[in-house]
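[1] my questions are about this predicted structure, shown below with the sequence.
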Amino acid sequence: MKRPDSELARASGTDPASATAFSRNGASADEIALSALTDQLVTCIHCGLCLESCPTYVEINREEDSPRGRIYLMRSVAEGRAPLDNTMLSHWDYCLGCRACETACPSGVQYGFLLERTRAHVERSARRPLLTRIGRSLLLAMLTNPSAMAISMFFATLPSRLLGKRPQAPGGILGHLIGAHGKANNLHLTRFPPLVPVRVPEYAPARGRKRLRIGMLEGCVMPVLFHDVNAATVRVFQKLGCEVVTPKMQGCCGALHAHNGMEDAAAKMAIRNIEAFEDANCDLIAVNSAGCGSTMREYHHLFKKGTEEYARALRFTKKVRDVSEVIVELLPGARMRTLKMSVTYHDACHLAHAQKVRSEPRDMLSAIPGLKLIPLNESDHCCGSAGVYTFTQPEMAARLQQRKLKNVYATAAEVVATGNPGCQMWIASGLEADQSATSALHPIQILDMALL
């Protein structure tokens with residue numbers, strides 16, 4: 001239901017009492033340069049159709065934590081009607097960046113673009129507390145470097161290893177640095193992660209007649225927590241007649257940096273990957289991580305139009321596909337064994353809402369003989385993972401996790417499938433904490449079991 005203008009005005013933070021450290025430190029609308037987004041911001045007509053699609057609004061029913069409320073806050077700062085203060089910042093930080101509002105919006109508001117640009121201006125202009133900045137930097141450094149992540153996960157799970165308990169990785173230390181207190185971001189794992197990232201071969205030949213040369217993104221989280229997903233991805237493409245190239249010069253895709261306002265770092269990562277895959281001379285670049293694929297398909301947004309970097313990035317994006325998009329085109333005629341398995345499918349936000357890929361993963365699973373695909377209520381409602389959200393907003397992340405698990409349990413499915421490591425990790429953590437018999441798998445792992 002649409003809120004009255006008076007309530008939208010209160011959401012703008014124009015109350016003088018809301019001004020805190022940032023305004024006292026002299027940050028202004030001009031310094032933030034949010035005014036450059038004015039043309040895009042005014043495309044929001046505040047119709048309210050996005051409200052019920054927004055996970056944070058659905059949970060707490062607070063206007064300033066809805067998409068249109070956050071856009072109103074952006075406009076208030078851009079037009080000089082409100083300072084960039086802690087109150088303002090908290091509402092943008094509370095956003096999952098799931099982009100479900102883009103699916104619901106009749107006006108075509110590019111909310112993901114606006115959020116990333118706003119966060120970039122915040123990082124350049126605002127003054128977060130020192131410990132928060134240190135914590136955020138450490139978190140991103142750990143999550144985007146497989147070797148650092150493997151070592152961090154080893155020490156995080158060391159108490160569980162020494163005590164002979166089920167593997168668990170507490171996230172409290174970094175959470176406290178960032179300012180997000182609580183134990184809700186503890187990860188319950190199905191196995192202990194390796195001390196060294198598990199890599200896939202740089203080259204894997206096609207089986208039989210070669211149909212495509214596929215470039216594969218190895219990712220950051222995958223070699224540590226989901227190396228079996230990467231291995232399954234390579235095997236599936238091989239079985240379907242594709243040679244797979246995994247360039248050694250590739251690195252982090254930059255998604256977490258882009259989503260958290262660190263555009264310059266994300267741009268450098270984008271250039272590195274563009275060069276690596278250009279040298280690999282691939283027909284297509286297949287990505288088995290929805291968040292990574294979403295950012296890679298939007299690399300050109302990181303560069304100024306008219307530059308050579310923009311042109312190269314745009315050419316690159318035309319080759320990027322989610323693995324399911326490629327596989328459904330290759331599956332007809334493939335030999336498969338029968339799998340007696342009940343599966344429900346969770347739409348990863350950056351696959352369904354950002355990349356608009358919904359039917360392909362379901363078609364891929366439905367092609368498996370004997371597999372029963374059970375619809376999931378609120379299948380495209382965010383599970384609460386959302387990149388670093390489990391560290392920065394652990395309580396809301398836990399609420400959304402429990403909402404997702406309730407819907408999964410209602411299906412009585414043996415497996416919940418999802419195409420993003422963050423979702424798989426967070427849903428699996430909840431299942432493990434509940435000691436549920438349901439498992440969380442990537443759809444390509446299931447297909448790998450079936451393909452002969």
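    Looks like it arrived, so ask away. Predicted model only: the values in this text are computed from it and were never measured. Numbers count the residues shown, from 1 in each chain.
[2] surely Asn230 and Cys220 touch.
    No - applying Cβ atoms under 8 Å as the test, Asn230 and Cys220 come out as separate, 11.5 Å apart. C-betas here are computed from N, CA, C, even on glycine.
[3] can you get me a residue count around the residue lying closest to Ser366 once chain neighbours are set aside?
    In this structure, Ser366 finds its nearest non-sequential neighbour in Leu373, 5.5 Å apart by Cβ to Cβ, 6 or more residues apart in numbering. Look at Leu373: counted by other Cβ atoms under 10 Å, it has 17 neighbours.
[4] can you give me the pLDDT of Leu373?
    pLDDT recorded at Leu373 is 98.
[5] check Gly182 too.
    Listed pLDDT for Gly182 reads 52.
[6] average pLDDT for stretch 298-313?
    For stretch 298-313, mean pLDDT rounds to 93.
[7] got the buried residues for it?
    Neighbour-count burial for stretch 298-313, counted by 16 or more other Cβ atoms under 10 Å, picks out Glu298, Tyr299, His300, His301, Leu302, Phe303, Glu309, Tyr310, Arg312, Ala313.
[8] what's the end-to-end length of it?
    Counting by Cα to Cα, to the nearest Å, you get 8 Å between the two ends of stretch 298-313.
[9] against Ala348, how distant is the residue nearest the centre of the chain?
    Against the mean C-alpha coordinate of the chain, by Cα atoms, centre = their mean, the closest residue is Gly291 at 3.7 Å. To Ala348, Gly291 is 7 Å away according to Cβ to Cβ, to the nearest Å.
[10] mutual contacts of the two, please.
    Asn420, Gly422 (Cβ atoms under 8 Å, 6 or more residues apart in numbering).
[11] ok, how many other residues are close to Asn407?
    18.
[12] just the pLDDT for Arg75.
    Arg75 carries a pLDDT value of 88.
[13] how about the nearest residue to it, chain neighbours excluded?
    That would be Leu41: by Cβ to Cβ, 6+ apart, it lies 4.9 Å from Arg75.
[14] and what of Asp93?
    Take Asp93 and drop its neighbours on the chain: the residue closest to it by Cβ to Cβ, 6+ apart is Thr392, 6.5 Å away.
[15] ok so, going back, go ahead and confirm the residue nearest to Arg75 touches Leu114.
    Yes - the pair Leu41 / Leu114 is scored as a contact, 6.6 Å apart, by Cβ under 8 Å.
[16] list residues touching both of those two?
    Ile71, Met74.
[17] in which helix or strand would I find Gln402?
    Using DSSP states H and E, Gln402 sits in helix 394-411.
[18] mind checking how far that helix is from the chain centre?
    Distance of helix 394-411 from the chain centroid (Cα atoms, centre = their mean, to the nearest Å) equals 17 Å.
[19] and Gly387, which of the three is it?
    Per DSSP: H, G, I helix; E, B strand; the rest coil, the local secondary structure of Gly387 is coil.
[20] surely it meets Gly291?
    Yes - using Cβ under 8 Å, Gly387 is in contact with Gly291, at 6.6 Å.
[21] list the residues that contact both of those two?
    Each of Ala255, Leu256, His259, Gly422 lies in contact with both Gly387 and Gly291 under the rule Cβ under 8 Å, 6+ apart.
[22] closest one of those to Asp283?
    Ala255 (23.3 Å; Cβ to Cβ).
[23] burial count for the spatially closest residue to the closest one that is not a sequence neighbour?
    Closest residue to Ala255 apart from its sequence neighbours, by Cβ to Cβ, 6+ apart: Thr295 at 3.9 Å. Residues lying near Thr295 (other Cβ under 10 Å) number 27.
[24] do the same with His46
    Neighbourhood size, His46 [other Cβ under 10 Å]: 17.
[25] over to it. Which of the three states is it?
    His46 falls in the coil class when you classify it by three-state DSSP.
[26] ok, it touching Arg68?
    Yes - His46 lies in contact with Arg68 (Cβ under 8 Å); the separation is 4.9 Å.
[27] returning to what we had before: following element in sequence after the helix holding Gln402, please.
    Next along from helix 394-411, by DSSP H and E: strand 415-417.
[28] now do that next one: which elements does it pack against?
    strand 341-345, strand 439-441, helix 443-450 (3 or more Cβ pairs under 8 Å, 6 or more residues apart in numbering; DSSP states H and E).
[29] again, only this time at 6 Å
    Applying 3 or more Cβ pairs under 6 Å, 6 or more residues apart in numbering; DSSP states H and E, one finds that strand 415-417 makes contact with strand 341-345, strand 439-441.
[30] got those as TSV, with mean pLDDT columns?
    Below are the helices and strands packed on strand 415-417 laid out as TSV (pLDDT from 0 to 100):
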stretch	mean pLDDT
strand 341-345	97
strand 439-441	97
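[31] can I get the ones you listed in CSV with mean neighbour count and distance to Ala204?
    Output for the helices and strands packed on strand 415-417, formatted as CSV (neighbours: other Cβ atoms under 10 Å; distance: least, Cβ to Cβ, whole Å):
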stretch, mean neighbour count, distance to Ala204
strand 341-345, 21, 26
strand 439-441, 21, 21
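[32] nearest to Gln238, out of these?
    Proximity to Gln238 (Cβ to Cβ) singles out strand 439-441 among the helices and strands packed on strand 415-417, at 19.5 Å.
[33] so which residues of the stretch 151-300 of the chain form helices?
    Secondary structure of the stretch 151-300 of the chain (DSSP state H, counting those that start in this stretch): helices at 158-163, 172-178, 222-225, 227-239, 255-259, 263-280, 290-296.
[34] so which of the ones you listed is nearest Val415?
    Using Cβ to Cβ, the nearest of the helices of the stretch 151-300 of the chain to Val415 is helix 227-239, at 13.7 Å.
[35] between that closest one and helix 443-450, how big is the angle?
    Angle of helix 227-239 versus helix 443-450, following axes from the mean of the first three to the mean of the last three Cα atoms, to 10 degrees, is 60 degrees.
[36] and helix 227-239, average pLDDT?
    Taken as a whole, helix 227-239 has an average pLDDT of 97.
[37] again with stretch 410-424
    Taken as a whole, stretch 410-424 has a mean pLDDT of 96.
[38] one more: stretch 91-101?
    When pLDDT is averaged over stretch 91-101, the result is 94.
[39] got the end-to-end distance for that stretch?
    Criterion Cα to Cα; first-to-last residue distance in stretch 91-101 is 16 Å.
[40] do stretch 76-93 as well
    Stretch 76-93 has an end-to-end distance of 17 Å (criterion: Cα to Cα).
[41] likewise for stretch 78-91?
    End-to-end distance for stretch 78-91: 16 Å, by Cα to Cα.
[42] and that stretch, what's buried?
    Going by neighbour count (16+ other Cβ under 10 Å), the buried part of stretch 78-91 is Ala78, Ala82, Pro83, Leu84, Asp85, Asn86, Thr87, Met88, Leu89, His91.
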